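> what follows is a protein structure lacking sequence information:
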């Protein structure tokens, strides 16, 4: 049941590969100081060497590799919380004019989670921002986490990636994609190949390495300034960025055994910390970073603590680590509401993953008592309770616990409801009204959000139970498209065509949709192969 402690970190290798490929396109030496102070502004033609279309294509290619990795984590509950902070930041960037219409419409603006205990976050081409669970676990408040998201988003809105890569005019997007693909293949071969990739970085004297892009000092300061403006405009506390800087500096100084790569790619200087303090009007107020539990037990703060607890358990799912988190149900040191909730939620989730139901129930009850009357925190604990009940097959209690939240229109409740409905309805009742209603909700959701792989998978399972094999195969194919697995999607769509030709009653519309989607997927595959062939 336990995982070997030295298990390989394939996603980390892929990120190194991506960074290496990007690094080889960057200038071999830093520009002189005067050049760094003349960075092009948004819309400046000097950034045309790395167009929005190029950035979109490159970002999609990198994300296709990342989504295929087991350390890419789509946890609906935790991702919803990150999105809760992310969306106001994007909206504020629009208000401030940081997003041109072209950038806004063509880039993804999508945060994603990396299952790793390292303290890190990074911006990728195409509008993607990766957030390590270790970073969420370290943050003491929503404002601290929002400051990191705003900083990384500002690297994208200010087109820092484009500014860096645009100098290498001799390289094309296709050669970059080929370089990336080769390095990713090398990363799968083992540590020796990773050493070779890292040697390539050193040998080319690249500007970027260490698993993500390294930006110039001016770019870091600009991301601080713009990020602070965005986060405060979005309603987050002005001291969040300074507090996060202080926490990172203190934590890494006390114990950095390689677990703080964020500070190596975003080096903190006294100047940056001082500027962050100055923006909030007072240097001393940043000391709020000292501990999450010292902050008031407001609904927003308790909701953050639940997310923090969830991140620290999920970032390391080895048996011994789960046992340590589970043991917090015996915590007698915690005195504040925040401390107690952090321990209770962590223990409840760990006990659920260990399938120790009695201890899970006791910790969930303790957490629920701590958040009673705080609607946002109550919901966080309730969703954990539903997860735990479904994991043990207690569908009736799970359904009752989920009922108060079914109409909130959120992704976690939609997916939990689908899981509960599939478990509750007997297979002998394919025409169940509950199944039909669930299928309709999932169809509506995926029509608006076609890149939601988990929702497509839930729809595929529901359609199969409803006796709609063609719709089930199409939904399964769409889930693979969302993950970038075009070959797998084409296989499922062809299976749908064979099913339609095998006889029996079929819906002409379903057949037409499958035919059309297969043509589209095949066209994408042909284009990908043509791109690869042109490089040989």
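Ah, there it is. Here the structure is a predicted model, which means the values were calculated and not measured.

> quick one: residues contacting residue 112.
Residue 112 sits next to 63, 66, 72, 73, 74, 79, 128, 129, 130, 131 when contact means CB atoms under 8 Å, 6 or more residues apart in numbering. Using the backbone N, CA and C atoms, a C-beta is placed for each residue, glycine as well.

> now distance to residue 389, secondary structure and pLDDT too, for those, in JSON lines please.
Shown next, in JSON lines, are these (distance: CB to CB, whole Å; DSSP: H, G, I helix; E, B strand; the rest coil; pLDDT from 0 to 100):
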{"residue": "63", "distance to residue 389": "33", "secondary structure": "helix", "pLDDT": "91"}
{"residue": "66", "distance to residue 389": "32", "secondary structure": "helix", "pLDDT": "91"}
{"residue": "72", "distance to residue 389": "27", "secondary structure": "strand", "pLDDT": "95"}
{"residue": "73", "distance to residue 389": "22", "secondary structure": "strand", "pLDDT": "96"}
{"residue": "74", "distance to residue 389": "21", "secondary structure": "coil", "pLDDT": "97"}
{"residue": "79", "distance to residue 389": "21", "secondary structure": "helix", "pLDDT": "98"}
{"residue": "128", "distance to residue 389": "34", "secondary structure": "strand", "pLDDT": "95"}
{"residue": "129", "distance to residue 389": "33", "secondary structure": "strand", "pLDDT": "95"}
{"residue": "130", "distance to residue 389": "32", "secondary structure": "strand", "pLDDT": "94"}
{"residue": "131", "distance to residue 389": "28", "secondary structure": "strand", "pLDDT": "96"}
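
> tell me which helix or strand residue 226 sits in.
Applying DSSP states H and E as the criterion places residue 226 in helix 217-233.

> what sits up against that helix?
By CB under 8 Å, 6+ apart, the residues outside helix 217-233 that reach it are 36-37, 39, 89, 92-93, 95-96, 98, 143, 146-147, 149-155, 157-158, 160, 163-164, 215, 238, 240-241, 266-267, 269, 271-272, 275-276, 279.

> and the contacts of residue 112, which of them are buried?
Taking 16 or more other CB atoms under 10 Å as the criterion, what is buried in the contacts of residue 112 is 63, 66, 72, 73, 79, 128, 129, 130, 131.

> name the nearest residue to the third one, ignoring sequence neighbours.
To tie it back to what came earlier, the one meant is residue 72. residue 66 (5.3 Å; CB to CB, 6 or more residues apart in numbering).

> any figure for the gap between that neighbour and residue 112?
Between residue 66 and residue 112 the computed distance is 7 Å (CB to CB, to the nearest Å).

> show me where the stretch 201-350 of the chain has its strands.
Counting by DSSP state E, counting those that start in this stretch, the stretch 201-350 of the chain has no strands to list.

> do the chain as well
For the chain, applying DSSP state E gives strands covering 72-73, 110-114, 121-124, 128-132.

> select the helix or strand of the chain having the lowest average pLDDT value.
Every helix and strand in the chain was compared by mean pLDDT, DSSP states H and E; the lowest is helix 33-36, with a mean of 30.

> burial count for the nearest residue to residue 405 once chain neighbours are set aside?
Distances taken as CB to CB, 6+ apart place residue 413 nearest to residue 405, at 4.9 Å, with adjacent residues excluded. Using other CB atoms under 10 Å, residue 413 is surrounded by 22 other residues.

> what do you get for the one 4 residues further on?
Neighbour count of residue 417, defined by other CB under 10 Å: 23.

> what about it, distance to residue 477?
Look at residue 417 and residue 477: by CB to CB, they are 23 Å apart.

> circling back to that earlier point, buried ones among the contacts of helix 217-233?
If you count burial by 16+ other CB under 10 Å, the buried members of those come out as 39, 89, 92-93, 98, 143, 146-147, 149-155, 157-158, 160, 163-164, 215, 238, 240-241, 266, 272, 275-276, 279.

> just the ones in helices from these, please.
Those of the buried ones among the contacts of helix 217-233 mapping onto helices are 89, 92-93, 143, 146-147, 149-155, 157, 160, 163-164, 240-241, 272, 275-276, 279, per DSSP state H.

> what sits against the nearest residue to residue 367 once chain neighbours are set aside?
Closest residue in space to residue 367, ignoring its immediate chain neighbours: residue 344 at 3.9 Å, by CB to CB, 6+ apart. Going by CB under 8 Å, 6+ apart, residue 344 touches 328, 329, 363, 364, 366, 367, 370.

> repeat that for residue 82.
Residues in contact with residue 82 (CB under 8 Å, 6+ apart) are 111, 113, 131, 136, 145, 149.

> for the longest helix belonging to the chain, give the mean pLDDT please.
Secondary structure of the chain per DSSP H: the longest helix is helix 508-533. Taken as a whole, helix 508-533 has a mean pLDDT of 91.

> do the same with stretch 108-119
Average pLDDT, stretch 108-119: 94.

> and that stretch, how far out from the chain middle?
A distance of 4 Å separates the centroid of the chain from that of stretch 108-119, by CA atoms, centre = their mean, to the nearest Å.

> now do it: distance from first to last residue.
Criterion CA to CA, to the nearest Å; first-to-last residue distance in stretch 108-119 is 24 Å.

> and for stretch 319-338?
Stretch 319-338 has an end-to-end distance of 26 Å (CA to CA).

> got the buried residues for it?
Buried residues in stretch 319-338, counted by 16+ other CB under 10 Å: 321, 322, 325, 326, 328, 329, 337, 338.

> make a markdown table from those and add distance to residue 463 to it.
Formatted as a markdown table, the buried residues of stretch 319-338 follow (distance: CB to CB, whole Å):
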| residue | distance to residue 463 |
| --- | --- |
| 321 | 38 |
| 322 | 35 |
| 325 | 37 |
| 326 | 38 |
| 328 | 41 |
| 329 | 41 |
| 337 | 45 |
| 338 | 44 |
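
> coming back round to it: pLDDT wise, what is the residue nearest to residue 367 at?
98.

> what's the answer for residue 381, then?
With respect to pLDDT, residue 381 scores 98.

> picking up where we left off before, and of the contacts of residue 112, the nearest to residue 381?
Distance ranking of the contacts of residue 112 against residue 381, using CB to CB, places residue 79 first at 17.8 Å.
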